[in-house]
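For reference, the sequence and a predicted model appear below.
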Amino acid sequence: MGCMPSLAELAARTPPDRNRVVDFLRALAILVVALGHWLLAAVVVRDGVLVPNALLNIASWTHPLTWIFQVMPVFFVVGGYANALSWRSARGRGTPYAGWLRARIQRLGTPVVPLLLVWLVICSVAYALGVPGGTLRTASQVALVPTWFLAAYVLVVATTPVALRLWERWGWWSIAGGLMLGGLVDWVSLGGGIMGEGVFAVGFVNYLLVWGTVHQFGFAWQDGSLHGVGRRALLVVLGFGALVLLVWRLPYPISMIGVDTIAVNNSYPTRVTLGFLGMAQAGVLLLAEPWLARWLRRPGPWRATILVNVRIMTLYLWHLTAMVLVIGLALLAGGVGLRAEPLSSTWWALRPLWYAVLAAVTAGVILLMGRFEQVPRDARPAPPLWIPLVSALLVCGGLGLMAAEGIVSADGVRWWWPLLPIAGVALVGRPRRSEAR
């Protein structure tokens, strides 16, 4: 196995026509997610007992800030750009859908396998040693929060060829239709439909409808259909205008991230509000694209972007596990560093140290686990179509279950849940380097 190229070598290999802004926005979104999750954790140790909470639950003034810091829509926009480019390239080379989807699942699913195995072992051993199931359920649920996005993203990736065909055939009408359908799903889910009280589970359809629609803004960007200041500014006006109207006149909360004390959650399940937030955020960021493109021609910013992107999945998947580990060790040490009351002056003064410790631990985990992110290209013939489709179903279903419930229930460790996505990844196989082109 050869050594990984240096940042300077990777920067030198960058094709002249590569859209560096896509890579930068991907890296920026993941960094904001990690830093935001670490800030939201308002945990405190009182009388030797850990009391978990979230900043959004105790500080309502933070709710409007989620319109900036809820950046999952950005990742779907960027993903739309990259997946449109990838599928069109594969289509041009004659690569069948089954081969293309297998490669996407290998790249997205392989890094999550060690995370699931580690948490399966932790929960099984700790439960056998007598650690309360409720404690393990909370810890595993927090650590595996990132898997909800991965489940939704794999679903959207799997439907890229169909969504791209809709975009190529209907253009902006496909986006308008997706948002209208997303609103209809919310209407039924929240109680406006024929069932009277609403059918909550129907809302989960929007994981595909809303995120798939946000994904299409990336198609429009890649096509050049969002070229020019006027169109990008229009996205900002329409997106934020619709979002204000929905929050003002309908039962959607201001916070774009779930708050325990508010009945309606904009992100679980995904609501149409996030579709309009994605529209507005896409407009704002694309207005900055010309400046960003010039800035990223400088060696420093571009190398920093590469540094994040080469281990972006590891950072995303493990940053909350690092936080759970730090909290656990602090609790074992008598609550050191966790005694300050959230929002107090001492608590705010400790935030830089909190970030520094979490960043250091996360960096160590990345050094240890980052190699699983290096998946060589699979040179084998495309598999039968059912293989990547079943694989995608297992990955989405298993990750979705664990994101919602953790690994531990009142009955013990549900060891078969993490095995579902692991089986999905195993089904498509991991190519050996000798098979790489």
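Done, it's in. Numbering: from 1, shown residues only.

what's around residue 64, how many residues?
12 (other CB atoms under 10 Å). To be clear about C-beta, it is placed using only N, CA and C from the backbone, and glycine gets the same treatment.

Spit out the contact partners of it.
Taking CB atoms under 8 Å, 6 or more residues apart in numbering as the definition of contact, the neighbours of residue 64 are residue 254.

Quick one: residues in contact with the helix or strand hosting residue 188.
Here residue 188 is covered by helix 172-189, with elements defined by DSSP states H and E. Applying CB under 8 Å, 6+ apart, the contact partners of helix 172-189 are 163, 166-167, 170, 192-195, 198-203, 205-206, 209-210, 212-213, 216-217, 220, 225, 269, 271-272, 275-276.

Please indicate which of the residues you listed are buried?
Among the contacts of helix 172-189, those classed as buried by neighbour count (16 or more other CB atoms under 10 Å) are 163, 166-167, 193, 198, 202-203, 205-206, 209-210, 212-213, 216-217, 220, 269, 271-272, 275-276.

Pull out the buried residues from stretch 290-307.
Within stretch 290-307, the residues that qualify as buried by neighbour count (16+ other CB under 10 Å) are 292, 296, 302, 305-306.

returning to what we had before: among the buried ones among the contacts of helix 172-189, which are located in helices?
Per DSSP state H, helices hold the following members of the buried ones among the contacts of helix 172-189: 163, 166-167, 206, 209-210, 212-213, 216-217, 220, 272, 275-276.

Just put those in TSV and tack on pLDDT and distance to residue 136.
Rendered in TSV, the data for these read as follows (pLDDT from 0 to 100; distance: CB to CB, whole Å):
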residue	pLDDT	distance to residue 136
163	97	38
166	97	43
167	97	44
206	96	30
209	97	34
210	97	32
212	97	34
213	98	37
216	98	40
217	98	39
220	97	44
272	97	35
275	97	35
276	98	38
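
Reduced to three states, what does the residue minimising distance to the centre of the chain come out as?
When CA atoms, centre = their mean is applied to the chain, the residue found nearest the centroid is residue 149 (3.8 Å). State at residue 149, reduced to three classes by DSSP: H, G, I helix; E, B strand; the rest coil: helix.

Quick one: residues contacting it.
Residue 149 makes contacts with 72, 75, 316, as judged by CB under 8 Å, 6+ apart.

Which of the residues you listed fall in helices?
Taking DSSP H as the definition of helices, those contribute 72, 75, 316.

my read: the second one touches residue 30, true?
Yes: look at residue 75 against residue 30 with CB atoms under 8 Å: they come within range, at 7.4 Å.

what's residue 237 sitting at in phi/psi?
For residue 237, the backbone dihedrals are phi -70, psi -50 (criterion: degrees, to the nearest 10).

Can you tell me the closest non-neighbouring residue to it?
The shortest distance from residue 237 to any residue that is not its chain neighbour, by CB to CB, 6 or more residues apart in numbering, is 7.8 Å, and that residue is residue 283.

Equivalent analysis for residue 141, please.
The spatial neighbour of residue 141 that comes closest, neighbours along the chain excluded (CB to CB, 6+ apart), is residue 406 at 3.5 Å.

before we move on, the earlier item: want to throw the buried residues of stretch 290-307 into a markdown table with distance to residue 321 and secondary structure?
Rendered in a markdown table, the data for these read as follows (distance: CB to CB, whole Å; DSSP: H, G, I helix; E, B strand; the rest coil):
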| residue | distance to residue 321 | secondary structure |
| --- | --- | --- |
| 292 | 31 | helix |
| 296 | 31 | coil |
| 302 | 29 | helix |
| 305 | 24 | helix |
| 306 | 24 | helix |
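
show me where the stretch 201-350 of the chain has helices.
All helices of the stretch 201-350 of the chain, identified by DSSP state H, counting those that start in this stretch, fall at 206-223, 229-249, 272-287, 289-295, 299-309, 312-332, 345-349.

so which of the ones you listed comes closest to residue 94?
Residue 94 lies closest, by CB to CB, to one member of the helices of the stretch 201-350 of the chain: helix 206-223, at 20.7 Å.

Give the other helices and strands that that closest one contacts.
Based on contacts counted as 3 or more CB pairs under 8 Å, 6 or more residues apart in numbering; DSSP states H and E, the elements that helix 206-223 packs against are helix 72-93, helix 146-158, helix 160-170, helix 172-189, helix 272-287.

if we can go back for a sec, so which of the ones in helices among the buried ones among the contacts of helix 172-189 comes closest to residue 230?
Looking across those and measuring by CB to CB, the closest to residue 230 is residue 220, at 14.0 Å.

pretty sure that closest one contacts residue 164?
No: because the distance of 11.1 Å does not satisfy CB under 8 Å, residue 220 is recorded as not touching residue 164.
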